[in-house]
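A.B. asks: Next come a sequence and a model predicted from it.
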Amino acid sequence: MPSTLLDSVLSQTSWVAIEEELQKRRDVLLRQLVYDNLSQEQSDVLRGEIRGLDWVLKLKTRRLQGE
């Protein structure tokens with residue numbers, strides 16, 4: 001039985017839907033980073049969010065490899 005909400009979400013078939021939404025958000029952020037005229041602070045925030053999304057998107061792969 002999953003011990004955390006994250007484990008529960010990752011064990012569900014709905015992961016594909018979540019993954020698609022996270023990837024869409026990541027794509028939007030990347031476009032903003034490339035095409036928008038952002039301050040250094042705004043760029044840093046976007047880069048941090050993109051890194052976080054990358055981590056979550058890779059989490060399922062890491063979790064499956066660990067089993």
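C.D. replies: Received the coordinates, thanks.
A.B. asks: Now name the helix or strand holding V28.
C.D. replies: Taking DSSP states H and E as the criterion, V28 maps to helix 15-35.
A.B. asks: for that helix, packing partners?
C.D. replies: Applying 3 or more Cβ pairs under 8 Å, 6 or more residues apart in numbering; DSSP states H and E, we find helix 15-35 packed against helix 40-66. (Glycine included, C-beta is placed from N, CA and C.)
A.B. asks: angle of the helix it packs on against helix 15-35?
C.D. replies: 150 degrees (axes from the mean of the first three to the mean of the last three Cα atoms, to 10 degrees).
A.B. asks: by contact count, what packs against helix 40-66?
C.D. replies: Packed against helix 40-66, as judged by 3+ Cβ pairs under 8 Å, 6+ apart, are the following elements: helix 5-11, helix 15-35.
A.B. asks: Please repeat the previous calculation with a cut-off of 6 Å.
C.D. replies: helix 15-35 (3 or more Cβ pairs under 6 Å, 6 or more residues apart in numbering; DSSP states H and E).
A.B. asks: Name the residues that touch the helix it packs on?
C.D. replies: 46, 49-50, 53, 57 (Cβ atoms under 6 Å, 6 or more residues apart in numbering).
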